[in-house]
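>>> Fold the following for me, if possible:
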Amino acid sequence: MGRVTINTRFLLYTRQHPKESDPLIASNADSIKKSSLNPKNPTKFIVHGFMDSEIFGPWMVKMKDEFLMHGDYNIIIVDWSGGNKPPYYQATANTRVVGAEIDLLIKALEKHLKLKRSNMHIIGHSLGAHIAGYAGERLKTLGRITACDPAEPYFEDMPKTVRLDPSDANFVDVIHTDAASKIRFIGFGMNQLVGHVDFFPNNGRQQPGCTKEKFLTFVTDGLKEGLRRFGSCNHQRALDFMHHSINYRKIVPVGYQCSSWEDFLAGKCAECGKDMKQCAIMGIRADEYIPLKPKDTQTAFYLQTGGKAPYWQYHYQISVKLYKSKSAKDTSGKIDYNWAVNLIHGSRYQYLATTDKNLGEIKSVSLQWTLQTLNPIKLLIKPVIYVEYITVVPMNTQEKSPRKLTNRQYCGNPNLAIKPRTTASFLKKDNCIKA
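Sure, this is the predicted structure:
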């Protein structure tokens, strides 16, 4: 499909003109020189994906407004709705043309207003993420690309020249929310690591709240937005995360490096590391990771979210250290928070807990456990457990390791026999001393 048919449009918004756009045309110097664009301010491009446009996808306007509230930016919405309609394979082919159009405009901005491409940031959704990659591939030194659930069909496992990759900008951060399966076309988004940092909230797959939201959004957001989310709620969630990261500051969405999602849920990954490379903030503040970005490796970062705005959850690593009492006997049970495990005295158990409530300073912890066994003999024995201490580590702040675990320890009486379904309390102390 040709340039004329695709008809890529660049719509500039600034704090000077937040509602009415200035159209920018690469071949028309006056459209650039006479616009409200301030060359001293950072410039951000917002690029939509398949079956989307500035009119049909109000997320672009909302994101533009959030950015202008956040800072004095030049916001350029890229509308390529002339080339993003079915069939999908044609829209995919058109992305290269749109990437070339962005390249031409950025070079025109450099020529006429002395803008620096290193100060430019492209946020792309779905096919728009790969458009950002094609533009960056041509520009070589583009500042940043944020890929919101980059499209999977025709891109997953393809060569770097075909898809987004870390070489397309000085910094590439990715939010994966619909990598539902490695079976092609099951999820709209990619599972492959394609950035310097790749965030996988909720394992990058089924997003909390999406099943319910598919139906409620027709009432809350109208027919058009309802149709978008009914068919692609998980795919759209990456945009929600990026949108809410711009100005919502009560909780910081920190992602942690981990070998797998299962290990993350097991509480095995709660350290930022001495070099701070093991954690990163998802969304607008992801660029704080730039000084730490690896040269040759790509990294997955995990975190959990809630099912409704503003989505962020408080994360805690909880560890329970069982006391090796002379009278202690091993058993099987479930500690409150639905954590089933074989309980061996003298061992330490940990897991991840999340909540949308700010617990503030935790002064005490209550523990309850439930016996889980089909063995009638164990039921007659009436087993108990002995707990030496509990550790609670907040994970929504970035700290160097080793963490100061002593001031997060909660102590009880290690010789106290805790029966099933009874509650034991543990108080915060500088250090837990064995009885």
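>>> From now on I want contacts and neighbour counts done on CA atoms only, so please keep to that.
Will do.
>>> OK, contacts around A169?
Going by C-alpha atoms under 8 Å, 6 or more residues apart in numbering, A169 touches G133, G136, E137, K140, T141, L142, G143, R144, I145.
>>> Could you list which of those belong to helices?
Taking DSSP state H, the ones among those that sit in helices are G133, G136, E137.
>>> Roughly how far does the second one sit from D22?
Just to be clear, that refers to G136. 24 Å (C-alpha to C-alpha, to the nearest Å).
>>> Which one's more surrounded, these two?
Shown here are G136 and D22; by other C-alpha atoms under 10 Å, G136 has more neighbours (28 against 20).
>>> can I assume that one is in contact with L142?
Yes. Using C-alpha atoms under 8 Å, G136 makes contact with L142 at a distance of 5.6 Å.
>>> Now do the shared contacts for those two.
Shared contacts of G136 and L142, defined by C-alpha under 8 Å, 6+ apart, are found at D168, A169.
>>> Out of the ones in helices among the contacts of A169, the closest to M190 would be?
Using C-alpha to C-alpha, G133 is the member of the ones in helices among the contacts of A169 that lies nearest M190, at 14.3 Å.
>>> what about the helices in the protein?
Remark: helices assigned in the chain by DSSP H are 3-6, 29-33, 59-70, 88-113, 127-139, 210-220, 222-247, 261-265, 376-381.
>>> list the buried ones in the shortest one?
For helix 3-6, the neighbour count (16 or more other C-alpha atoms under 10 Å) marks I6 as buried.
>>> nearest to D356, of the helices of the chain?
Using C-alpha to C-alpha, these put helix 222-247 closest to D356, at 14.9 Å.
>>> about what we covered before: mind giving me a markdown table with the contacts of A169 and columns for distance to T397?
Listed next are the contacts of A169 as a markdown table, based on distance: C-alpha to C-alpha, whole Å:
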| residue | distance to T397 |
| --- | --- |
| G133 | 31 |
| G136 | 32 |
| E137 | 35 |
| K140 | 34 |
| T141 | 31 |
| L142 | 30 |
| G143 | 26 |
| R144 | 24 |
| I145 | 25 |
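>>> can you give me the strands for the stretch 151-300 of the chain?
According to DSSP state E, counting those that start in this stretch, the stretch 151-300 of the chain carries its strands in the segments 171-175, 197-201, 254-257, 279-281, 299-303.
>>> any chance of those strands in CSV, with mean pLDDT and distance to I290 too?
Listed next are those as CSV, based on pLDDT from 0 to 100; distance: least, C-alpha to C-alpha, whole Å:
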stretch, mean pLDDT, distance to I290
strand 171-175, 97, 7
strand 197-201, 97, 10
strand 254-257, 96, 15
strand 279-281, 95, 10
strand 299-303, 95, 13
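>>> Quick one: these as JSON lines, columns for mean neighbour count too.
Rendered in JSON lines, the data for the strands of the stretch 151-300 of the chain read as follows (neighbours: other C-alpha atoms under 10 Å):
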{"stretch": "strand 171-175", "mean neighbour count": "27"}
{"stretch": "strand 197-201", "mean neighbour count": "28"}
{"stretch": "strand 254-257", "mean neighbour count": "26"}
{"stretch": "strand 279-281", "mean neighbour count": "26"}
{"stretch": "strand 299-303", "mean neighbour count": "25"}
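>>> could I get those as TSV with distance to C432?
TSV is the format used below for these (distance: least, C-alpha to C-alpha, whole Å):
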stretch	distance to C432
strand 171-175	41
strand 197-201	35
strand 254-257	28
strand 279-281	29
strand 299-303	30
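>>> With respect to P291, which of those lies nearest?
Closest of the strands of the stretch 151-300 of the chain to P291 is strand 171-175, at 9.9 Å (criterion: C-alpha to C-alpha).
>>> now the angle from that closest one to strand 197-201?
Strand 171-175 runs at 10 degrees relative to strand 197-201, counting by axes from the mean of the first three to the mean of the last three C-alpha atoms, to 10 degrees.
>>> which helices and strands sit right next to strand 171-175?
Secondary-structure packing of strand 171-175 (3 or more C-alpha pairs under 8 Å, 6 or more residues apart in numbering; DSSP states H and E): strand 144-148, strand 197-201.
>>> what does that strand contact?
Counting by C-alpha under 8 Å, 6+ apart, 143-150, 165-166, 194-201, 204, 238, 282-283, 286-287, 290 sit against strand 171-175.
>>> before we move on, back to that, quick one: closest of the helices of the chain to R348.
Checking those against R348 by C-alpha to C-alpha gives helix 261-265 as the closest, at 15.4 Å.
>>> just checking, what packs against the closest one?
For helix 261-265, the contact count by 3+ C-alpha pairs under 8 Å, 6+ apart identifies strand 348-355 as packing neighbours.
>>> quick one, the strand it packs on and strand 299-303 angle?
With the same axes, to 10 degrees defining the directions, strand 348-355 sits at 70 degrees from strand 299-303.
>>> neighbouring contacts of strand 348-355?
Outside strand 348-355, the residues that touch it by C-alpha under 8 Å, 6+ apart are 264-268, 304, 313-322, 337, 339.
>>> how much space between G195 and Y289?
For G195, the distance to Y289 - C-alpha to C-alpha - is 12 Å.
>>> the more surrounded of those two?
For the pair G195 and Y289, the greater number of neighbours falls to G195 (25 against 19), based on other C-alpha under 10 Å.
>>> Okay, the more buried one and N74: tell me how far apart.
Taking C-alpha to C-alpha as the measure, G195 falls 24 Å from N74.
>>> Kindly report the same for M51.
To N74, M51 is 25 Å away according to C-alpha to C-alpha.
>>> before we move on, back to that, please indicate which of the contacts of strand 171-175 are buried?
143-150, 165-166, 194-201, 204, 238, 282-283, 286-287, 290.
>>> shaky segments in this protein?
Where the chain drops to pLDDT under 70, the residues are 54-56, 180-187, 212-231, 296, 325-341, 373-381, 398-407, 433-435.
>>> OK, contacts around W261?
Taking C-alpha under 8 Å, 6+ apart, one finds N203, Y302 in contact with W261.
>>> Just say which of the helices of the chain is most tucked in.
The highest mean neighbour count among these, using mean count of other C-alpha atoms under 10 Å, belongs to helix 127-139: a mean of 27.
>>> Can I get that one as CSV, trimmed to CA atoms?
C-alpha atoms of helix 127-139 as CSV (Å, rounded to 0.1, in the frame of the first residue of the first chain):
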residue,chain,number,x,y,z
LEU,A,127,1.8,-2.9,15.6
GLY,A,128,2.8,0.6,16.7
ALA,A,129,5.6,-0.9,18.8
HIS,A,130,7.2,-2.4,15.7
ILE,A,131,6.6,0.9,13.8
ALA,A,132,8.7,2.5,16.5
GLY,A,133,11.3,-0.2,15.9
TYR,A,134,11.4,0.5,12.1
ALA,A,135,11.8,4.2,12.8
GLY,A,136,14.6,3.6,15.3
GLU,A,137,16.3,1.2,13.0
ARG,A,138,16.7,4.0,10.5
LEU,A,139,17.6,6.7,13.0
